[in-house]
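> predicted structure and sequence below. I'll ask about it afterward.
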Amino acid sequence: MKERNPWHTPLTIIIAVIGVIAIVALVTIAVLQNKPLIPKYKYGIVLDAGSSHTAMYIYEWPAEKDNNTGRVEQTHCCKVSGSGISDYASDPKLAGESLKACMRDAERFVPSERHEETPLYLGATAGMRLLNIKDSAASDRVFQAVSESLQKSPFSFQGARILSGQEEGAFGWVTVNYLDDRLEQGLETTGALDLGGASTQISFISDSFDGSESPSNYVAFRLYGNDYNLYTHSFLCYGKDQALRMALAHQTQSGPGSIVDPCFNNGYSAVKNYSVLYESPCVSGRKPSSAPQTFTHTGKGNFYECQEVVKSIFNFTECKYSQCSFNGIFQPTLQGTYGAFSAYYFVMKFLNLTDTSVPLQSVKEALARLCATPFDTLKKQHPEVKLKFLNEYCFSGTYIFTLLTEGYNFTSRTFSDIKFIKKIKGSDAGWTLGYMLNLTNMIPAEAPDTPLLPHAGYVSVITVIALVLFVLFILSLRPLWPRCSQKPQIV
Ligand SMILES: O=c1[nH]cnc2c1ncn2[C@@H]1O[C@H](COP(=O)(O)OP(=O)(O)O)[C@@H](O)[C@H]1O
Ligand SMILES: [Ca+2]
């Protein structure tokens, strides 16, 4: 007769089936419990109205996370065609019109159910600061026009305003450190170097700086439970386009009519208008009284001579503090690593010097070579590069080199601490993300409570405990186990 398998009793089969169902149910609940059901996002839109152009950034973050603590990422960027809003002073309506194409873009990228609740901000930087100095009524009219245009969008428009230089510097610093996950984890922070067309910002933490020596350069933050004493300064007129104006103005002082400029390549030649050159507040008041209408601007391409011209737009002597960068502005000792973005990146990218940390000597050699290249050769080497930029790379590169070394005092040792970057993890480096994080209170002052275990750890622990309980349960039923298979013992 065939022996019955002792495990095949109705009781053990029922126990096993119930046990398996219980484990599957437990693990399924553990997996589903903490998982978002459908990936739903919230959105925020920031328009960066820079001196040279306006760009729109759309950010998104998970809607389910409590108090908007989920990671914010840039999902889309739209470049407004035409020039910066400050160039529409004589026809402000056009400034409003120019934003429309990007706003339509935003309507497609943000799901329509979210339109009404999505905040929309416009922040203007140094181009509007200069227009405000030159003609504040014109600046008001431009803001009026862009605000009217943005109010017509389906988003929740929160206003258009000029950022102070301090805000521009501090929010750039917040952006790079947020994207690098340095704030939440309380890691050593990175300094931020931003070069625009009309102003430039430097922001970093220095242990020697507590704000006492120069309170106007001090911004205090408490983020995720950590205190930061940030040094920041924005130099108005030291963006690369206004710096070029100052360099040209300096060279026209010696005698009107023509300039032979070492910062432009040999073979470059253009006729320029005196009053256009001198219309900016960065140079106004210095126009020679005998100046003719136009002057000829030709290049002779020499990096070393160009450096001398560039140095002439800085004041290195005046300083009433313990130490200064330039123009009598206090700067504490440089410390740590730096992310350099916007025009720093564009120029260093053109020089092919962005990938690794670059020795200062290599930058010098690359610039000496670039400036010495005849303009015709340069055009043939770079047919894809817009002439407007190609014309100016010798000047822009020399300006960056001089600003970093003579202005901010980077040395051949500390220069390689600078990384030239455009994006961090898919989001552009710039002030816009930090600005939105601040206005939406998305970075808490105190560290949020975190669950004891991460999700995967939680699921594993639950599974192991369930298995152990199941085995213990089966073992506890031992007295009920069938004994019929045991061989009869011979007494
Ligand atoms: O491809 C490029 N090559 C070189 N420079 C560029 C390129 N794209 C943008 N730029 C420059 O970057 C700068 C951006 O400045 P922005 O418009 O942000 O001014 P702001 O920050 O001073 O208000 C401008 O000088 C612009 O000409
Ligand atoms: Ca800018």
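Yes, it's here. Ligands and ions are numbered 1, 2, ... in the order given.
> okay, CA-based contacts and neighbour counts for the rest of this
OK.
> what about the residue lying closest to Ala270 once chain neighbours are set aside, which helix or strand?
Leaving aside its sequence neighbours, Ala270 sits nearest to His297 (Cα to Cα, 6 or more residues apart in numbering; 5.2 Å). Assigned by DSSP states H and E, His297 falls within strand 294-299.
> what's the spacing between that strand and its chain's center?
From the chain centre to the centre of strand 294-299 is a distance of 37 Å (Cα atoms, centre = their mean, to the nearest Å).
> repeat for stretch 437-451
Taking Cα atoms, centre = their mean, one finds the center of stretch 437-451 at 19 Å from the center of the full chain.
> for Asn217, grab phi and psi.
Torsion angles at Asn217 (phi, psi; degrees, to the nearest 10) stand at phi -100, psi 10.
> I figured it hits Gly165, correct?
No. With contacts counted by Cα atoms under 8 Å, Asn217 stays clear of Gly165, the gap being 10.1 Å.
> joint contacts of these two?
His233 (Cα atoms under 8 Å, 6 or more residues apart in numbering).
> what residues does this protein have near ligand 1?
Within reach of ligand 1 by Cα under 6 Å from any ligand atom, the chain has these residues: 50-53, 125-127, 196-199, 239-241, 342-343, 346-347, 389.
> which of those are close to ligand 2?
On the criterion Cα under 5 Å from the ion, 50, 196 are the entries of the residues of the chain next to ligand 1 that sit beside ligand 2.
> domain-wise, how is this structure divided?
Listed domain ranges for the chain are 6-35+452-480, 40-162 (source: automatic domain parsing).
> give me whichever of the ones you listed is most buried.
domain 40-162 (a mean of 19; mean count of other Cα atoms under 10 Å).
> run the chain-centre distance for that domain.
On the basis of Cα atoms, centre = their mean, domain 40-162 sits 16 Å off its chain's mean C-alpha point.
> over to stretch 473-481?
For stretch 473-481, the distance to the chain centre is 64 Å (Cα atoms, centre = their mean).
> repeat for stretch 384-398
23 Å.
> pull out the buried residues from that stretch.
By neighbour count on 16 or more other Cα atoms under 10 Å, the buried set for stretch 384-398 is 390-398.
> which of those fall within strands?
Of the positions in the buried residues of stretch 384-398, not one sits in strands, assigned by DSSP state E.
> now distance to ligand 2 and pLDDT too, for these, in a markdown table please.
A markdown table is the format used below for those (distance: Cα to the ion, whole Å; pLDDT from 0 to 100):
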| residue | distance to ligand 2 | pLDDT |
| --- | --- | --- |
| Leu390 | 20 | 98 |
| Asn391 | 21 | 98 |
| Glu392 | 18 | 98 |
| Tyr393 | 18 | 98 |
| Cys394 | 21 | 98 |
| Phe395 | 19 | 98 |
| Ser396 | 16 | 98 |
| Gly397 | 18 | 98 |
| Thr398 | 20 | 98 |
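> isn't Ile418 up against Gly336?
No. Counting by Cα under 8 Å, Ile418 does not reach Gly336; the two are 9.1 Å apart.
> sorry, back to before: so how far is whichever helix or strand comes after the strand holding His297 off the chain centroid?
On the C-terminal side of strand 294-299, the nearest following helix or strand under DSSP H and E is helix 303-311. The chain centre lies 30 Å from the centre of helix 303-311; the measure is Cα atoms, centre = their mean.
> other SSEs contacting helix 303-311?
helix 240-252, helix 360-372, helix 393-402 (3 or more Cα pairs under 8 Å, 6 or more residues apart in numbering; DSSP states H and E).
> so which of the ones you listed comes closest to Tyr435?
Nearest of those to Tyr435, taken as Cα to Cα: helix 240-252 at 23.2 Å.
> state the mean pLDDT of that closest one.
Averaging pLDDT along helix 240-252 yields 97.
> tell me how far the residue nearest to Ala291 when sequence neighbours are not counted lies from ligand 2.
Once flanking residues are discounted, Ala291 sits nearest to Pro256: 5.7 Å by Cα to Cα, 6+ apart. Distance of Pro256 to ligand 2, computed by Cα to the ion, to the nearest Å: 33 Å.
> on the three-state scheme, Pro256 is what?
The three-state assignment at Pro256 reads coil, by DSSP: H, G, I helix; E, B strand; the rest coil.
> show me the contacts for it.
Shown in contact with Pro256 (Cα under 8 Å, 6+ apart): 288, 290-292, 295.
> any chance of CSV for these, columns secondary structure?
Listed next are the contacts of Pro256 as CSV, based on three-state DSSP:
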residue, secondary structure
Pro288, coil
Ser290, coil
Ala291, coil
Pro292, coil
Phe295, strand
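> out of the residues you listed, who's nearest ligand 1?
In terms of Cα to the nearest ligand atom, no member of the contacts of Pro256 lies closer to ligand 1 than Phe295, at 22.5 Å.
> so what's that closest one bridging to?
Bridge pairing for Phe295 (DSSP bridges) gives the partners Lys272.
> list the contacts of it.
Counting by Cα under 8 Å, 6+ apart, Phe295 makes contact with 256-259, 271-274.
> returning to that earlier point: Ile418 and Gly336: who's more crowded?
Each of Ile418 and Gly336 has its neighbours counted (other Cα atoms under 10 Å); Ile418 has more, 22 against 14.
> and the more buried one, how far from Ala138?
Using Cα to Cα, to the nearest Å, one obtains 39 Å as the distance from Ile418 to Ala138.
> now do the contacts for Gly430.
By Cα under 8 Å, 6+ apart, the neighbours of Gly430 are 171-172, 175-176, 194, 341-342.
> most neighbours out of those, which is it?
Ranked by neighbours (other Cα under 10 Å), the contacts of Gly430 are led by Val176, which has 30 neighbours.
> quick one: residues contacting the residue lying closest to that residue once chain neighbours are set aside.
Leaving aside its chain neighbours, Val176 sits nearest to Ala429 (6.0 Å; criterion: Cα to Cα, 6+ apart). Residues counted as contacts of Ala429 (Cα under 8 Å, 6+ apart) are 172, 175-176, 341-342, 421-423.
> return the most buried member of the helices and strands packed on helix 303-311.
helix 393-402 (a mean of 25).
> identify the residues contacting the next helix or strand after that helix?
Once helix 393-402 ends, the next helix or strand along the chain (criterion: DSSP H and E) is strand 418-420. Contacts to strand 418-420, defined as Cα under 8 Å, 6+ apart, come from residues 337-341, 344-345, 348, 354-357.
> pull up the pairing partners for strand 418-420, direction included.
Sheet pairing of strand 418-420 (DSSP bridges) gives strand 338-342 (parallel).
> for the helix or strand following the strand it pairs with, C-alpha coordinates in CSV please.
Counting by DSSP H and E, the element after strand 338-342 in chain order, helix or strand, is helix 343-350. Only the C-alpha atoms of helix 343-350 are listed here, as CSV (Å, rounded to 0.1, in the frame of the first residue of the first chain):
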residue,chain,number,x,y,z
ALA,A,343,28.5,84.3,-19.3
TYR,A,344,31.5,82.7,-17.5
TYR,A,345,30.3,79.4,-18.8
PHE,A,346,29.6,80.6,-22.4
VAL,A,347,33.1,82.2,-22.8
MET,A,348,35.0,79.3,-21.2
LYS,A,349,32.9,76.8,-23.3
PHE,A,350,34.0,78.7,-26.4
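> so helix 343-350 versus helix 360-372, what angle?
Orientation of helix 343-350 against helix 360-372 (axes from the mean of the first three to the mean of the last three Cα atoms, to 10 degrees) gives an angle of 80 degrees.
> orientation of helix 343-350 relative to helix 240-252 in degrees?
Using the same axes, to 10 degrees: helix 343-350 against helix 240-252 is 80 degrees.
> helices or strands up against helix 343-350?
Applying 3+ Cα pairs under 8 Å, 6+ apart, one finds that helix 343-350 makes contact with strand 191-195, helix 393-402, strand 418-420.
> all good on my end, thank you.
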